[in-house]
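Student: Sequence first, predicted coordinates after that:
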Amino acid sequence: MTGVTNEPRAASWLAAIWAARYRTPARFVALIALLLPWTTTGLTFALIPWLIAFAFVDLRAFPRSLLRPICLLPIALVALAAVGTLWSDAPWPERIHAIGPAAKLLVIPLMIYQFERWPYGHWVFFAFLASCTALMLYSFAVAIDPALSLKLYLSRGPYKVESGIAVRNYIDQSQEFALCVLALVYPIVALLRQRRVGIAALFATLAIGFLANMIFVVVSRTALVTLPILVVLFALLYLRLRAALLAAGAMALSAVLLFGVSPHLRTTVAKFQADYQTSVQDSQVSGMGSRLEYWRKSLRFIADAPLVGHGTGSIRGLFASVAADAKIDPLRGEIVSNPHNQTLSVAVQWGIVGVLILYALWFAHLSLFRAEGLASWIGLLVVVQNMLTSLLNTHLFDFTPGWVYVLGVGVAGGMALAKRARELEHDPEKCAAAFREDHA
C-alpha cells in the first residue's frame with residue numbers, strides 16, 4: 001500500500017526536477033536581460049552559470065540546428081574574425097582583442113536552440129522591460145540631481161548637459177528606451193483590440209515615460225533618426241492603410257509640437273549642423289564631422305584591400321599610418337579603432353567577404369520574423385534597429401547594443417520558430433517546404 005501511495009509522489013518529484021532542468025537556463029537568461037542596462041561585469045558573470053545550466057539540457061538535436069543559416073552565419077563571422085588575425089599587421093594583443101566584439105554572436109545559436117524548445121522567453125522580455133523602467137526612473141532622478149549619477153564625470157563634468165545619464169552613456173540609454181517604446185506598441189494595440197483597457201493603459205504609461213525621458217532629459221541623435229523609421233515600419237506591417245496614415249500624421253504633428261516645447265530636443269537637432277560646421281570650417285573634432293572623416297579614410301583603406309581586408313584588429317594601425325599632426329589638424333589627426341559604421345568596420349578588416357557574411361546574417365535573421373506575434377515584432381524590431389543604427393555606429397560589435405541583438409534574436413527567434421513548428425505540425429507539406437527553406 002505504501003508503494004502505491006509513494007509512486008505518484010515520486011513521479012511528481014521527477015516531473016518537477018525535469019521541469020526545473022529546463023526553467024533554470026531561462027532564468028539565467030532573464031538575469032542577463034535584467035543586468036544588461038546597468039552593468040557589463042555583472043552580465044559577464046551571469047553568462048557563466050547560464051552556460052553551465054545549458055550544458056545539462058537535451059543537446060541531441062543541437063549539432064543539426066547549427067547547420068541552419070540563422071545559426072551558421074554568426075559562427076561564420078566569428079570564424080572569419082579569428083582567421084583574419086593571420087593576415088593582420090596589428091600587434092597580436094590587438095588582433096586577439098579585436099575578436100572579442102564579434103565573439104558574443106556565438107551565443108545566438110545557443111539561445112535559439114533553448115527558446116525554440118522551452119516556452120520561457122517572456123521572462124526575458126519582462127526582465128529587460130522592468131530593468132529599463134527602473135533605469136528610466138533613475139534617469140529622471142539624475143536629471144533633477146546630477147550628483148545621483150553613477151557617471152559623475154558626465155553629470156558634473158564638461159558634459160553636464162547630459163545630466164540625465166544614470167549609467168553607461170546616452171547612446172546606449174537612448175537605444176534601450178527607444179526599443180522599449182516600440183516593443184510596447186504591439187501589446188498596446190493588441191490589448192485595445194481585445195478591450196483590455198487597464199493593462200493597455202499601464203503599458204502606454206510606460207511608453208510615454210520612456211518617450212518623455214528621451215524628449216526632455218537626454219537622447220542620442222542616432223535614436224532620434226531611427227525612431228520615426230521604426231514607427232513607420234510598425235504602421236505599414238500591422239495597421240490598415242487609413243490607420244497608418246492617421247498614425248503618420250499624428251506622429252508628424254507630435255514631433256512639431258514637441259520640438260517647440262523641448263529645448264533639449266532643439267539642441268540635439270541643432271548639433272547636426274553645428275558639428276558639420278565645426279569640422280568643415282574649423283577642422284575641429286565633433287560627433288558628425290568626425291564620422292565623415294572616419295568614413296572617408298575607411299573607404300581608402302577598403303580600396304587598398306577590397307577582397308579580404310587588412311585583417312582583424314588592423315583599424316587603429318591604419319588610422320595611425322595616415323594621421324596628420326594633431327596639433328595642426330585635430331580632426332585629421334585622430335587615431336581611432338572604430339570608424340563608427342558597421343559595414344566599414346567589417347570591410348576594412350575582412351573585405352567583401354566579411355560584408356557579404358554580415359548582410360547575409362542580418363537578412364537571415366530578418367527572415368525569422370515574418371509571422372504575426374509579439375516575439376516576431378520584437379525580433380524584427382531588434383534586427384532593423386541594429387541595421388539602422390549601424391549606419392552611424394558599430395552596434396553589432398559594441399557591448400550593450402550587441403548584447404541586445406544577441407538576446408533579441410536568440411530569444412525571439414527561438415520563440416518564433418517554436419510557434420511556427422506548432423502551426424506546421426498538422427500540415428506535412430508546409431512542414432517539408434519550411435524545412436527546405438530553412439536549410440537552403
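Tutor: Noted; the coordinates are in hand. None of the values given here were measured: they were computed from a predicted structure.
Student: pLDDT weak spots in the stretch 301-440 of the chain?
Tutor: Regions of the stretch 301-440 of the chain meeting the criterion pLDDT under 70 cover residues 324-333, 425-440.
Student: Tell me where it has helices.
Tutor: Taking DSSP state H, counting those that start in this stretch as the criterion, the stretch 301-440 of the chain contains helices spanning 315-321, 342-366, 374-389, 399-407, 413-424, 428-438.
Student: Put together TSV for these, with mean neighbour count and distance to residue 143 on each row.
Tutor: From N, CA and C alone the C-beta is placed, and that goes for glycine too. Listed next are these as TSV, based on neighbours: other CB atoms under 10 Å; distance: least, CB to CB, whole Å:
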stretch	mean neighbour count	distance to residue 143
helix 315-321	19	35
helix 342-366	21	31
helix 374-389	23	24
helix 399-407	22	20
helix 413-424	20	36
helix 428-438	12	47
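Student: Nearest to residue 172, out of those?
Tutor: Checking the helices of the stretch 301-440 of the chain against residue 172 by CB to CB gives helix 399-407 as the closest, at 4.2 Å.
Student: The closest one - contacts with which helices or strands?
Tutor: With contacts defined as 3 or more CB pairs under 8 Å, 6 or more residues apart in numbering; DSSP states H and E, the packing partners of helix 399-407 are helix 2-35, helix 40-54, helix 107-117, helix 170-193, helix 374-389.
Student: Output the contacting helices and strands for the last one.
Tutor: Contacts defined by 3+ CB pairs under 8 Å, 6+ apart place helix 374-389 against helix 121-144, helix 170-193, helix 221-238, helix 342-366, helix 399-407, helix 413-424.
Student: Going by neighbour count, which residues in stretch 335-343 are buried?
Tutor: Buried residues in stretch 335-343, counted by 16 or more other CB atoms under 10 Å: 336, 337, 338, 339, 340, 341, 342, 343.
Student: and which of those residues is nearest to residue 312?
Tutor: When these are compared for distance to residue 312 (CB to CB), residue 337 comes out closest, at 11.5 Å.
Student: which one is that closest one nearest to, not counting chain neighbours?
Tutor: Spatially, and ignoring its direct neighbours in sequence, residue 337 is nearest to residue 316 (3.9 Å; CB to CB, 6 or more residues apart in numbering).
Student: separation between the one you found and residue 80?
Tutor: 19 Å (CB to CB, to the nearest Å).
Student: can you put the helices of the stretch 301-440 of the chain in CSV and add distance to residue 49?
Tutor: As requested, these are arranged in CSV below (distance: least, CB to CB, whole Å):
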stretch, distance to residue 49
helix 315-321, 34
helix 342-366, 26
helix 374-389, 24
helix 399-407, 16
helix 413-424, 19
helix 428-438, 31
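Student: give me the number of residues near residue 204?
Tutor: Neighbour count of residue 204, defined by other CB atoms under 10 Å: 17.
Student: Could you pull up the residues touching it?
Tutor: The neighbours of residue 204, taking CB atoms under 8 Å, 6 or more residues apart in numbering as the test, are 184, 188.
Student: before we move on, the earlier item: can you redo the helices and strands packed on helix 399-407 as a markdown table with distance to residue 309?
Tutor: What follows is those, written out as a markdown table (distance: least, CB to CB, whole Å):
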| stretch | distance to residue 309 |
| --- | --- |
| helix 2-35 | 32 |
| helix 40-54 | 28 |
| helix 107-117 | 23 |
| helix 170-193 | 26 |
| helix 374-389 | 21 |
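Student: Show me the one of these that comes nearest residue 418.
Tutor: With CB to CB, the closest approach to residue 418 among the helices and strands packed on helix 399-407 belongs to helix 107-117: 5.1 Å.
Student: Show me what that closest one is packed against.
Tutor: Judged by 3+ CB pairs under 8 Å, 6+ apart, the packing partners of helix 107-117 are helix 2-35, helix 40-54, helix 62-65, helix 69-83, helix 399-407, helix 413-424.
Student: how does the chain divide up, domain by domain?
Tutor: 16-57, 66-118+289-440, 127-282 (automatic domain parsing).
Student: Highest mean neighbour count out of these?
Tutor: domain 66-118+289-440 (a mean of 19; mean count of other CB atoms under 10 Å).
Student: roughly how far is that one from the heart of the chain?
Tutor: Average the C-alpha atoms of domain 66-118+289-440, do the same for its chain, and the two points are 11 Å apart (CA atoms, centre = their mean, to the nearest Å).
Student: one step back: the residue nearest to residue 337 contacts residue 345, doesn't it?
Tutor: No - the criterion here is CB atoms under 8 Å, and residue 316 misses it with residue 345 at 11.6 Å.
Student: Next, residue 393: phi, psi?
Tutor: The phi and psi torsions at residue 393 (degrees, to the nearest 10) take the values phi -150, psi 180.
Student: And it, how close does it get to residue 371?
Tutor: Separation of residue 393 from residue 371 (CB to CB): 29 Å.
Student: Report the contact partners of residue 39.
Tutor: When contacts are counted by CB under 8 Å, 6+ apart, residue 39 is found next to residue 167.
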